[in-house]
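> Here is my input, please return the structure:
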Amino acid sequence: MANLFSIFEPSSSLFSISTNWLSTMLGLMFIPYLYWASPSRWSLMWSKIIFTLHKEFKALLMPSHIGASTLFISLFSLIVYNNFLGLLPYVFTSSSHMVMNLSLSLPLWITLMLFGWLNHTRHMLAHLVPQGTPAALMPFMVIIETISNVIRPGTLAVRLTANMIAGHLLLTLLGNTGPSLSLTVLSVLIFSQILLLILESAVAIIQSYVFAVLSTLYTSEIN
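Have a look, this model is predicted:
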């Protein structure tokens, strides 16, 4: 089991400093290219994705928070870059670690809570009791809503981590059985690996989108 999970360990180091985490910044190298290079299909497609996300996030956010869509588009871009780069051989997938994902979700959640409780205290208190709740159930609803609010950054991080780890482990388990298989079974294995890689590419986009949309919805609750 230790060898199985070793693909997720930041083992490469330089002067006792883990260098695998530098792969998180590889995606940022694609961004300047969009500014100085002539328009290509890739840049036009990415611009269309960003414009579509901006329209969707703008519809979810309150009018006073529309400018925050830039933050969530950047969040989506960072996660989707890391997810896709992690599918390449010998590239460390930082988005499969709780440290990375919690460092994205926890500061965002803490900032929203501080902003909401300091500026909209009455609304935040009213949000703990859904409209139409019987008086006898109000204390229990406050506890339930508080717990569901507190675990939000953890659920964001765990969802992304679990989905990325599951796909990588499945690809690794199937790949390790290759040397002991016959040529016929090996061809079936390679075909299944290609299908799984396509599925992982879809998961990489979907999980990045879910992370950004849920963060947008949590922000829209504070008005």
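> Show me the helices in this protein, by range?
Assigned by DSSP state H, the chain shows helices spanning 30-36, 41-60, 69-85, 98-119, 121-127, 138-150, 152-176, 183-220.
> Could you look over these and pick the most buried one?
Among the helices of the chain, helix 69-85 has the highest mean neighbour count (mean count of other C-beta atoms under 10 Å), at a mean of 20. Where you see a C-beta, it was placed from the backbone N, CA and C, and this is true even at glycine.
> For that helix, name the packing helices and strands.
In this structure, helix 69-85 packs against helix 41-60, helix 98-119, helix 183-220, with contacts taken as 3 or more C-beta pairs under 8 Å, 6 or more residues apart in numbering; DSSP states H and E.
> For it, output the C-alpha coordinates as CSV.
In CSV, the C-alpha atoms belonging to helix 69-85 read as follows (Å, rounded to 0.1, in the frame of the first residue of the first chain):
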residue,chain,number,x,y,z
SER,A,69,-16.4,36.3,-10.8
THR,A,70,-12.8,37.0,-11.8
LEU,A,71,-11.7,35.3,-8.6
PHE,A,72,-13.7,32.1,-9.3
ILE,A,73,-12.6,32.0,-12.9
SER,A,74,-9.0,32.1,-11.7
LEU,A,75,-9.8,29.4,-9.2
PHE,A,76,-11.3,27.2,-11.9
SER,A,77,-8.3,27.8,-14.2
LEU,A,78,-5.7,26.9,-11.5
ILE,A,79,-7.5,23.7,-10.6
VAL,A,80,-8.2,22.6,-14.2
TYR,A,81,-4.6,23.2,-15.2
ASN,A,82,-3.3,21.1,-12.3
ASN,A,83,-5.8,18.3,-12.9
PHE,A,84,-4.8,18.0,-16.6
LEU,A,85,-1.1,18.4,-16.0
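> coming back round to it: which one, of the helices and strands packed on helix 69-85, ends up nearest to L26?
When these are compared by C-beta to C-beta, helix 98-119 sits nearest L26, at 13.5 Å.
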